[in-house]
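In: Okay, sequence plus prediction incoming.
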Amino acid sequence: MKAFLPAVLALLAAVVQATTITMVPVFEPLSLHGTDGDEVIAETGEALQATVMPRPMALTGAFPEALIESIRSPHKIPTNNPNYKVTEANLLVLCRIGLHATLTDAGLRVRLDVSNLAIPQDVDLTSRQVLKLAIVAVRKTLEEYQKLQTSSLPVTLDIEGADESKSPLRDLSAKFVVAAGVEDR
């Protein structure tokens, strides 16, 4: 038994060290509340107190699933101004929207879960605007990821958890294909 435990620990250490960590850009839907700016979002055609921006992240896990799920990571904006006291800027976190991704034989299935959706009072956006920004973040993150891929990626994006009061949000569900950056082989 004494010899068995060190062997198991050595095996676990080898598995942990074999994990691949990849530095990638992840686009996030960010609230600009607490700032004096609005952003024109070309993809939605609106000027909002929100934006979609990338940030670098070191990720491990299955790609593109882990990549998409990281879009919902908490994000406190660094600042040099003591008057900027916003502790969270990611709209998915702020508005309690879940984000899940699964790779299947048919492509990538992305689910935005709105069952707990709640827009904070200081966020001047509608549920539909927040979801549109989230969809832009998903598309941009996948477009960046696909630049190094050799096959296009079919994507099914579903809005889940929409009860009767949120049922109009279901029409934001979509199917699209993200082209490969390297020609199909």
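Out: Alright, I've got the coordinates.

In: Restrict stretch 89-102 to CA atoms and write it as PDB.
Out: Presented in PDB, the C-alpha positions along stretch 89-102 are these (Å, rounded to 0.1, in the frame of the first residue of the first chain):
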ATOM      1  CA  ALA A  89     -19.000  44.800 -16.100                       C
ATOM      2  CA  ASN A  90     -19.800  41.600 -17.900                       C
ATOM      3  CA  LEU A  91     -23.500  41.800 -18.800                       C
ATOM      4  CA  LEU A  92     -24.000  38.000 -18.700                       C
ATOM      5  CA  VAL A  93     -22.900  38.000 -15.000                       C
ATOM      6  CA  LEU A  94     -24.700  41.200 -14.200                       C
ATOM      7  CA  CYS A  95     -28.000  40.100 -15.700                       C
ATOM      8  CA  ARG A  96     -27.700  36.500 -14.500                       C
ATOM      9  CA  ILE A  97     -27.800  34.900 -17.900                       C
ATOM     10  CA  GLY A  98     -26.300  31.400 -18.200                       C
ATOM     11  CA  LEU A  99     -24.100  30.400 -21.100                       C
ATOM     12  CA  HIS A 100     -23.300  26.800 -22.000                       C
ATOM     13  CA  ALA A 101     -21.800  25.100 -25.100                       C
ATOM     14  CA  THR A 102     -21.700  21.600 -26.300                       C
END
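
In: buried ones in that stretch?
Out: The neighbour-count criterion (16 or more other C-beta atoms under 10 Å) identifies 89, 90, 91, 92, 93, 94, 95, 97, 98, 99, 101 as the buried residues of stretch 89-102. Yep, even glycine has a C-beta here, placed from its N, CA and C like the rest.

In: Tell me which of those fall in helices.
Out: Where the buried residues of stretch 89-102 overlap with helices, as defined by DSSP state H, the overlap consists of 91, 92, 93, 94.

In: Closest one to residue 143 out of these, please.
Out: Nearest to residue 143 out of these is residue 92 (C-beta to C-beta; 18.6 Å).

In: Does that closest one touch residue 99 like I think?
Out: Yes: checked against C-beta atoms under 8 Å, the pair residue 92 and residue 99 is within contact range at 5.9 Å.

In: Mutual contacts of these two, please.
Out: Each of 71, 72, 134 lies in contact with both residue 92 and residue 99 under the rule C-beta atoms under 8 Å, 6 or more residues apart in numbering.

In: List the contacts of the residue lying closest to the first one once chain neighbours are set aside.
Out: Of all residues beyond its chain neighbours, the one nearest residue 71 is residue 137 (5.2 Å), with distances taken as C-beta to C-beta, 6 or more residues apart in numbering. With contacts defined as C-beta under 8 Å, 6+ apart, residue 137 is in contact with 27, 28, 29, 52, 71.

In: where does the second one fall, phi/psi-wise?
Out: Note on residue 28: backbone dihedrals following degrees, to the nearest 10 are phi -130, psi 140.

In: And the strands in this structure?
Out: Shown for the chain, the strands assigned by DSSP state E span residues 22-31, 39-41, 46-48, 50-59, 98-104, 107-113, 153-160, 174-178.
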